[in-house]
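K.L.:
here is a sequence together with a model predicted from it:
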Amino acid sequence: MPAATARPPSERQRLALLLVGVLAFVSVGALQSVFGPSFGALQARYGVSVAQVGGVVSAYFAGAFLGVVGAGVMLLRLGYRRSLVTAAALIAVGAGTIGLAATWLLALAAAFVAGLGFGQATVAVNLMVARAYGASAAAPLNVLNGTYGLGAVLGPALVALTTSRLGATPQASALVFGAVALVALAFLVGALRLRWLPAPRRPAPGRSSKVSLAVLLFMVMFFMYVATEIATPAWIPTYLGPRLGEANAALVVSAFWAALTLGRFVVAPFAGRLRPQDLVLGATSVALVGLLLAHLPGLAVAGYVLAGFGLAPVFPTTIAWLQWRFGERGEQVTPLVLAAGNLGPVLGAPAVGVAVAATSPDAIPSVLAGVGALLVAGVALTWWSARRAERASASAADDSG
């Protein structure tokens, strides 16, 4: 098993990293997407009510949050290979147990375990690719995170296939979650066979105050991004349902997610030609334009699709931006920023609900556009702070020269 190295990877080794990342993201994308469509089969297996079955999703995301928060420490203590193998094992064991557990409590514990693996894999895989590609990481990161969406499409399709053959039965849930576990095992084997992996970088002492302010800005920015990404599709049906019908409104939500997934692949060829911070600022501005267009009855659908397309490159490109901005501290900063983002759905979507309740459902486009405007403001402020840091660093270099 080759050790981690500071030597730059070859193109073949970079491709191997990407393929392992694809296996990781397809597995977690599929796992997250099969919970809802599998509720009927899980109820049949464990004899739980409609109110109880949603607990499996809560357990999964609770584990994911802790997995993200602890990923930086895990990387420093275990290194990349062991972190990846641990994450893959947690996903495989958790997913496989959900469909086979003897009790509902054990199934919830398994979902929590799988969530831990998901959180750890999200950080480790993104950082691994960012380290391997350096300044040109934005393009491969967009492709890699696009495959998460592919997993999210394949998961429900697998549920539909098994349900059509077996019905909403315990056997169907065991087969679906077992298939996800097999993909996670392939991820594990791939991680063991990688010929190149980066060595974790320990941050240099000092530089605490300025970096802390910069980290806080990124955390706020990413919180607003995830809040926008989750709140927008969550409230589309409430606004468009009375206008287009419930079924058509649901299709608009699907179109939003399809645009977000496709956008990552479309942007990838151009991402390497732009600075990450410039791409994030431009992308969020496009998303805001889409949210503003949604105010116009004839352009509401197009506006929400445009918003999904604009948001597409923000997550992966921000990972590249973090590595560019913090260098050797990137592995410690990234989990903090992603953890802040995970709080976006917890606080963002309910906050939109409070605002809508205080006005009316007709105000949903304005509320969502307001959230999008806060996102753009957060990105602009983070962009400006990074620009100031660049100029200060260049000035210090000139003075020392």
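P.N.:
Alright, I've got the coordinates.

K.L.:
what comes up buried for the lowest-mean-pLDDT helix or strand in the chain?
P.N.:
Lowest by mean pLDDT, DSSP states H and E among the helices and strands of the chain is helix 50-53, with a mean of 81. Within helix 50-53, the residues scored as buried using 16 or more other CB atoms under 10 Å are Val53. To be clear about C-beta, it is placed using only N, CA and C from the backbone, and glycine gets the same treatment.

K.L.:
this structure: helices as residue ranges?
P.N.:
For the chain, helices defined by DSSP state H occupy the ranges 11-34, 39-46, 50-53, 55-98, 104-133, 138-166, 170-193, 208-244, 246-271, 276-293, 300-311, 314-326, 330-358, 364-400.

K.L.:
between these, which gets nearest to Arg202?
P.N.:
Closest approach to Arg202 among the helices of the chain (CB to CB): helix 55-98, 6.8 Å.

K.L.:
coming back round to it: between the helices of the chain, which gets the lowest average pLDDT?
P.N.:
Note on the helices of the chain: helix 50-53 shows the lowest mean pLDDT, a mean of 81.

K.L.:
distance to Pro200 for the helices of the chain - can I get that in JSON lines?
P.N.:
What follows is the helices of the chain, written out as JSON lines (distance: least, CB to CB, whole Å):
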{"stretch": "helix 11-34", "distance to Pro200": "15"}
{"stretch": "helix 39-46", "distance to Pro200": "38"}
{"stretch": "helix 50-53", "distance to Pro200": "39"}
{"stretch": "helix 55-98", "distance to Pro200": "5"}
{"stretch": "helix 104-133", "distance to Pro200": "9"}
{"stretch": "helix 138-166", "distance to Pro200": "19"}
{"stretch": "helix 170-193", "distance to Pro200": "15"}
{"stretch": "helix 208-244", "distance to Pro200": "18"}
{"stretch": "helix 246-271", "distance to Pro200": "25"}
{"stretch": "helix 276-293", "distance to Pro200": "22"}
{"stretch": "helix 300-311", "distance to Pro200": "30"}
{"stretch": "helix 314-326", "distance to Pro200": "13"}
{"stretch": "helix 330-358", "distance to Pro200": "6"}
{"stretch": "helix 364-400", "distance to Pro200": "24"}
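
K.L.:
which residues does the least confident helix or strand of the chain contact?
P.N.:
For helix 50-53, contacts defined as CB atoms under 8 Å, 6 or more residues apart in numbering pick out Phe39, Leu42, Gln43, Trp104.

K.L.:
closest one to Ala199 among the helices of the chain?
P.N.:
Nearest of the helices of the chain to Ala199, taken as CB to CB: helix 55-98 at 7.2 Å.

K.L.:
helices and strands around that closest one, which ones?
P.N.:
Using 3 or more CB pairs under 8 Å, 6 or more residues apart in numbering; DSSP states H and E, the elements in contact with helix 55-98 are helix 11-34, helix 104-133, helix 170-193, helix 330-358.

K.L.:
list just the nearest of the contacts of helix 50-53 to Ala174.
P.N.:
Leu42 (10.4 Å).

K.L.:
test my guess that that closest one contacts Gly55.
P.N.:
No. Using CB atoms under 8 Å, Leu42 is not in contact with Gly55, being 10.1 Å away.

K.L.:
so for those two, which residue has more residues nearby?
P.N.:
Remark: of Leu42 and Gly55, Leu42 carries more neighbours, 25 against 15, as counted by other CB atoms under 10 Å.

K.L.:
please report the distance of that one from Ile91.
P.N.:
Distance of Leu42 to Ile91, computed by CB to CB, to the nearest Å: 18 Å.

K.L.:
cool, and Leu192?
P.N.:
Using CB to CB, Leu192 is found at 15 Å from Ile91.
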